[in-house]
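here's a sequence, model it:
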Amino acid sequence: MRIPPGLSEHVIALRLLEALHPGSTSSTDGFASLAHSQSGVSLRCAAVLIPLLWQAGKWHLLFTRRTDRVESHKGQVSFPGGECDNEEATAEDTALREAHEEIGLHPSDVRIIGRLNDIVTITHYRVTPVVGVIPYSYHFQLSEHEVSRVFTIPLDWLAQRENWDEHDLDLDGLPQAWPVIIYHPYDGEVLWGASARMTHTFLRVLGLITEEEHFVL
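Predicted coordinates:
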């Protein structure tokens, strides 16, 4: 797929705004009722930064690979992000702080252009994905404890249907299997799970994939 030349930063920001419905949620498994499916479970606040950059004449997303020393999601591909601090007023505050801590991306070097609707994950987080344009190239400073590398994937590759599969994942303690998106390896990395779900949501907002090409959220 070739990204339409008219997909400018301004157009992307407008499409994000049009698709945003404050207070609504989707989930990494594709079932919006997940947040209410387990009584007594409270959702923890979190936010991620979806870094968008223009490289070699096309849009890319930047991802991180987590180290094996972090508490959760060891070695997985993710966006920079984490839990909210009590003193943070917005998801943007959290996303920018986490990106600075994890990869040395200074908040002043990020141009926030919008949000995606919140994601409720099977690990009991309510995550707000924040989209920001970052410079290319950039001197990243990785947190040795949290991030082993950063890399980018072009939007046109991410939007190609032959580059991902959908599988049912059985999780301990849950009564059913949960469908997940698993991308084929790119630059030696495998994008899957919550980060892949957020990526698909972003691609759908931009009109690069259709409802039929992924789970209805």
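
helix, strand or coil for Ile181?
Classification of Ile181 using DSSP: H, G, I helix; E, B strand; the rest coil returns strand.

make that Glu101, sorry
Glu101 falls in the helix class when you classify it by three-state DSSP.

ok, the residue nearest to it when sequence neighbours are not counted to Asn117 distance?
Counting by Cβ to Cβ, 6 or more residues apart in numbering, Glu101 lies nearest to Ser143, which is 6.1 Å off, once chain neighbours are set aside. From N, CA and C alone the C-beta is placed, and that goes for glycine too. Here Ser143 is placed at a distance of 28 Å from Asn117 (Cβ to Cβ, to the nearest Å).

cool, Thr128 as well?
9 Å.

ok, those two, which is more surrounded?
A side-by-side neighbour count of Thr128 and Asn117, using other Cβ atoms under 10 Å, places Thr128 first with 22 against 18.

ok but the more buried one is inside a strand, no?
Yes. If the criterion is three-state DSSP, then Thr128 is within a strand.

hey, what's it bridged with?
Assessed by DSSP bridges, Thr128 has beta-bridge partners Ala47.

spit out the contact partners of it.
When contacts are counted by Cβ atoms under 8 Å, 6 or more residues apart in numbering, Thr128 is found next to 46-48, 91, 94-95, 115-116, 118-119.

neighbour-wise, which one of those leads?
The member of the contacts of Thr128 that has the most neighbours, counting by other Cβ under 10 Å, is Ala95 with 32 neighbours.

hey, what's Val147 bridged with?
Per DSSP bridges, the residues bridged to Val147 are Arg66.

and it, how far is that from Ile12?
26 Å.

do Leu105 as well
When distance is defined by Cβ to Cβ, Leu105 is 19 Å away from Ile12.

next one: Gln141
Note on Gln141: its distance to Ile12, by Cβ to Cβ, is 27 Å.

okay, those two: which has more neighbours?
When Gln141 and Ile12 are compared for neighbours, Ile12 comes out ahead with 20 against 13, by other Cβ under 10 Å.

what sits against the more buried one?
The contact partners of Ile12, taken as Cβ under 8 Å, 6+ apart, are 52, 113-114, 131, 206.

same question, Ala47
The contact partners of Ala47, taken as Cβ under 8 Å, 6+ apart, are 81-82, 84, 91-92, 94-95, 98, 127-130.

tell me the confidence at it?
On the pLDDT scale, Ala47 is placed at 97.

now Leu174
In this model, Leu174 carries a pLDDT of 57.

likewise for Thr210?
At Thr210, the pLDDT value in this model is 84.

before we move on, what about Ile3?
In this model, Ile3 carries a pLDDT of 62.

and if you look at Phe79?
You'll see Phe79 listed with a pLDDT of 97.

what number of residues lie near Val77?
Quick note: Val77 (other Cβ under 10 Å) scores 22 neighbours.

ramachandran coordinates for it?
Backbone dihedrals for Val77, given as degrees, to the nearest 10, come out at phi -80, psi 140.

Ser195 is in contact with that one, correct?
Yes. Under the criterion of Cβ atoms under 8 Å, Val77 makes contact with Ser195 at 5.9 Å.

can you list residues touching both of the two?
Residues touching both Val77 and Ser195 (Cβ under 8 Å, 6+ apart) are Phe63.

quick check: which ranges of the chain have low pLDDT?
Within the chain, the stretches with pLDDT under 70 are 1-5, 26-41, 68-75, 170-178, 211-217.
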